[in-house]
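Asker: below are the sequence and a predicted model for it; my questions follow.
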Amino acid sequence: MKQILFASSEATPYIKTGGLADVVGALPKYIDPNEFEIRVILPKYECMDSKFLSELNYVCHFYVDLNWRKQYAGIFEAKRGNVTYYFVDNEFYFAGPNPYHNLHEDVEKFAFFSKAVLTALPLLNYAPAVIHCNDWQTGLIPVFLHTTFGSDVFYSGIRTVFSIHNLKFQGRWKIRDVMDVTGLPEYIFDHHGMESYGEANLLKGGCVYADKICTVSPTYAHDIMTPEGGEGLDGLFESRKEDLVGILNGIDYDIFDPKKDEYLIDHFDCDTIANGKPLNKACLQRLFGLPERENVLLVGIVSRMTDQKGFDLIAYILEEVLTTLDIQFVVLGTGENRYEHMFHYFQKRFPNKIGSYIGYSEERAHAIYAGADAFMMPSLFEPCGLSQMMSMRYGTVPIVRETGGLKDSVCPYNEYENTGTGFSFCNYNAHELLHILQYACEVYYEHRDKWNAMVLRDMRTDFSWEKSAAEYAKLYDSLIVSDV
């Protein structure tokens, strides 16, 4: 049995702030249990739901050397299905109401976590074939493995995969401070190692020292090798392109299923969508205080309200869209104040056309996926994106920019061949977004039969984790076989 350990700062259902948690919470349970034994290790946050804390069983404790000081670490264990979860306990680092705090605190916190993961393995009598690290919070695991733990024969067979879920967040801090926390030798803080633009960069460390680098979509793997998408590290990724792969994320079909979704007022599938979709649409309109109009194009947005997600483009065109098009919007999310205020403003001006909820609600998110006609994601960049897949699962047509995982998951509509799964535009330009919205309205109102055919294609597109899990299995095998 081939053993794989996932190391992450979050995973559903235990702790979630974003898409990383969805991936680490879902992927392990879909990897073939007949070939692989999967375990996951996470911080034991004080802010975890108490119902999960009560399920944890104490395993052992030890002390982690952080250069000149030692810190306590406990290991707790839980089982979910065929996956074993470990939790690293330390109240000094993992207390508080949120999993993340100030960057300088988080750099030390996850340096401790990374070293605790490796220190725990001999005490657990567990030497996985591969440690699958995720984002900058675990970037020091490959670094420690090749330096501090490099001479210990126990670790000699362990290989690492480093997954980039969002390159924009790199864990950059002062070199001297990171050296002080980690005790790592000075020579690795040069431009060949962890140094980046005069700072220590934990994500770069993970990418330099990992055996394989993975992104969460094939196009994003290409994007990060360009100056536009590389966030200052494009040269590194170009130099390691033979070890760089992109595997599109999936979504958990046990959760996102219109036939049994607990949040829906009426369940439906491809055969019953003609009845189920209008009922959920009416419910969504009531939920957001909009007039119940079955035959108006209702566009949903569930997102962080930032420039990365294209909200500067939306801000530029929103008044023209609301003034000139027969359209409704429902918007769910939080983010920059200017965008939150923008939706409040337009909701007061156009109360029959736009409804917004500043905050997050799982119930409202599912209501949007199921009840909207279209789902808009005009992102500047998008490593993978999950919301467009979720919306398609519910027969809600995506409107996206052709970047990263959005390009990989949404096939542009072709009116001549009657193919495609959504509407997309290429350049990051507000007028291109406006034109694609106008085109979507045209198809919706004037060619409803073609729109409905696209809805069914969306629902039948396979974004389940099985396909992605098989690709990860090949990636792990490439490391394990090459070491035999």
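Answerer: Received the coordinates, thanks.
Asker: export the longest strand seen in the chain as PDB, just CAs?
Answerer: In the chain, with assignment by DSSP state E, the single longest strand is strand 69-80. The C-alpha trace of strand 69-80 is given here as PDB (Å, rounded to 0.1, in the frame of the first residue of the first chain):
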ATOM      1  CA  ARG A  69      13.800  27.600  21.700                       C
ATOM      2  CA  LYS A  70      11.600  24.600  22.000                       C
ATOM      3  CA  GLN A  71       7.900  24.500  21.500                       C
ATOM      4  CA  TYR A  72       5.400  21.900  22.700                       C
ATOM      5  CA  ALA A  73       3.500  19.900  20.000                       C
ATOM      6  CA  GLY A  74       0.800  17.400  20.600                       C
ATOM      7  CA  ILE A  75      -0.600  15.100  18.000                       C
ATOM      8  CA  PHE A  76      -4.300  14.200  17.900                       C
ATOM      9  CA  GLU A  77      -6.100  11.800  15.600                       C
ATOM     10  CA  ALA A  78      -9.500  11.300  13.900                       C
ATOM     11  CA  LYS A  79     -10.900   9.100  11.300                       C
ATOM     12  CA  ARG A  80     -13.300  10.100   8.500                       C
END
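Asker: mind listing what that strand pairs with, with the direction of each?
Answerer: Take DSSP bridges as the rule and strand 69-80 pairs in its sheet with strand 57-66 (antiparallel), strand 83-89 (antiparallel).
Asker: quick one: the longest one to chain centroid distance?
Answerer: Offset of strand 57-66 from its chain centre (Cα atoms, centre = their mean, to the nearest Å): 29 Å.
Asker: who touches that strand?
Answerer: Strand 57-66 has contacts (Cβ atoms under 8 Å, 6 or more residues apart in numbering) with 70-78, 86, 89, 108, 111-112, 115-116, 119-120, 123-124, 181-183. Placement of C-beta: from N, CA and C, glycine included.
Asker: which of the residues you listed count as buried?
Answerer: By neighbour count, with 16 or more other Cβ atoms under 10 Å, the contacts of strand 57-66 hold 71, 73-78, 86, 89, 108, 111-112, 115-116, 119-120, 124, 181-183 as buried.
Asker: now do the strands in the stretch 301-450 of the chain.
Answerer: 327-333, 354-358, 374-377, 397-401, 423-425 (DSSP state E, counting those that start in this stretch).
Asker: just how off-centre is the longest one within its chain?
Answerer: In this case it means strand 327-333. Its chain's C-alpha centre and that of strand 327-333 lie 22 Å apart, by Cα atoms, centre = their mean.
Asker: which elements pack onto it?
Answerer: Secondary-structure packing of strand 327-333 (3 or more Cβ pairs under 8 Å, 6 or more residues apart in numbering; DSSP states H and E): helix 273-287, strand 297-302, strand 354-358, helix 362-371.
Asker: same check on the fourth one?
Answerer: With contacts defined as 3+ Cβ pairs under 8 Å, 6+ apart, the packing partners of strand 397-401 are strand 374-377, helix 387-393, helix 404-409, strand 423-425, helix 430-446, helix 448-460.
Asker: run the last query once more with 10 Å
Answerer: When contacts are defined as 3 or more Cβ pairs under 10 Å, 6 or more residues apart in numbering; DSSP states H and E, strand 397-401 sits against strand 297-302, strand 374-377, helix 387-393, helix 404-409, strand 423-425, helix 430-446, helix 448-460.
Asker: out of the ones you listed, which gets nearest to Ile368?
Answerer: Ile368 lies closest to strand 297-302 among the helices and strands packed on strand 397-401, at 3.9 Å (Cβ to Cβ).
Asker: list the buried residues for that closest one?
Answerer: Neighbour-count burial for strand 297-302 [16+ other Cβ under 10 Å]: Leu297, Leu298, Val299, Gly300, Ile301, Val302.
Asker: now those as a markdown table including pLDDT?
Answerer: Listed next are those as a markdown table, based on pLDDT from 0 to 100:
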| residue | pLDDT |
| --- | --- |
| Leu297 | 98 |
| Leu298 | 98 |
| Val299 | 98 |
| Gly300 | 98 |
| Ile301 | 98 |
| Val302 | 97 |
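Asker: any idea which of those residues is closest to Pro142?
Answerer: Once Cβ to Cβ is applied, the member of the buried residues of strand 297-302 that ends up nearest Pro142 is Val302, at 33.8 Å.
Asker: coming back round to it: export the helices and strands packed on strand 397-401 to CSV and tack on distance to Gln285?
Answerer: Shown next, in CSV, are the helices and strands packed on strand 397-401 (distance: least, Cβ to Cβ, whole Å):
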stretch, distance to Gln285
strand 297-302, 7
strand 374-377, 14
helix 387-393, 17
helix 404-409, 27
strand 423-425, 22
helix 430-446, 16
helix 448-460, 18
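Asker: and Asp254, how far from Tyr369?
Answerer: According to Cβ to Cβ, to the nearest Å, Asp254 stands 15 Å off from Tyr369.
Asker: which of these two has more neighbours?
Answerer: Between Asp254 and Tyr369, Tyr369 has the larger neighbour count (other Cβ atoms under 10 Å), namely 27 against 11.
Asker: need the pLDDT of that one.
Answerer: pLDDT for Tyr369: 98.
Asker: next, the contact list for it, please.
Answerer: Tyr369 is in contact with 256, 258, 261, 263-264, 280, 284, 300, 302, 375, 387, 389-396, counting by Cβ atoms under 10 Å, 6 or more residues apart in numbering.
Asker: can you flag the buried ones in these?
Answerer: By 16+ other Cβ under 10 Å, those give 256, 258, 261, 264, 280, 284, 300, 302, 375, 387, 389-396 as buried.
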